[in-house]
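**Student:** need the 3D shape of this:
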Amino acid sequence: MKKNSRLVAFCGVFTALAMIFSYVEMLLPISIGVPGAKLGLANIAILAVLYVAGSRAAFFADILRIVLTSILFGNMAAFIFSISGGMLSVIVMILLKKSDRFSMLGVSVAGGTAHNIGQIAAAAVVTGTAQIAYYLPVLLITGIITGIVNGCVARIIKISLQKNGLNDIV
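**Tutor:** Numbers count the residues shown, from 1 in each chain. The predicted structure follows:
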């Protein structure tokens, strides 16, 4: 029972952290030189959940983050783009982690690029044109860069959690 309570508490804290990161990204005009590109800070928390609490917890933490953030701070358009990018991203990260062929950094980069692919796909559906895909190479480059940075931060968090005895949550 104690392990279950720790898992719920851990997932709740990291889902809230992902929501805070998403909200901060909405508030701050952080420009990384590419219109519409964001740092994807919420992915840091989702990666931590994936590596500490497992695939199922990461999947539900990401869905909860997207739904709650959209309800509290966004609109239907924000939800559509966020859910399409977020779900593709978390599914790709889960599959790559389960394969045991990728490092946490590689999983993060794949998640960042998958997020961009999901959002471009949603944009193509919403606008009714596939021409939006011409923007994809630029977004993939930013996804790689932010994936590297977020993966490094998530790895530091994972190591810190393990040092503090939170590696036995699942």
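**Student:** give the buried residues for the longest helix along the chain.
**Tutor:** Secondary structure assigned by DSSP state H gives helix 136-163 as the longest helix of the chain. For helix 136-163, the neighbour count (16 or more other Cβ atoms under 10 Å) marks 136, 139-140, 142-143, 145-147, 149-151, 153-155, 157-158, 161 as buried. C-beta: built from backbone N, CA, C; applies to glycine.
**Student:** got it, and stretch 13-27?
**Tutor:** Neighbour-count burial for stretch 13-27 [16+ other Cβ under 10 Å]: 14, 15, 17, 18, 19, 21, 22, 23, 25.
**Student:** between those, which is closest to residue 48?
**Tutor:** Sorting those by distance to residue 48 puts residue 14 at the head of the list, at 5.7 Å, by Cβ to Cβ.
**Student:** ok, that closest one to residue 153 distance?
**Tutor:** 13 Å (Cβ to Cβ, to the nearest Å).
**Student:** can you give me the helices in this structure?
**Tutor:** Under DSSP H, the chain gives helices at 2-27, 42-53, 55-73, 76-99, 104-127, 136-163.
**Student:** got the angle for the last one vs helix 2-27?
**Tutor:** Yep, that's helix 136-163 we're talking about. Angle, helix 136-163 to helix 2-27, by axes from the mean of the first three to the mean of the last three Cα atoms, to 10 degrees: 140 degrees.
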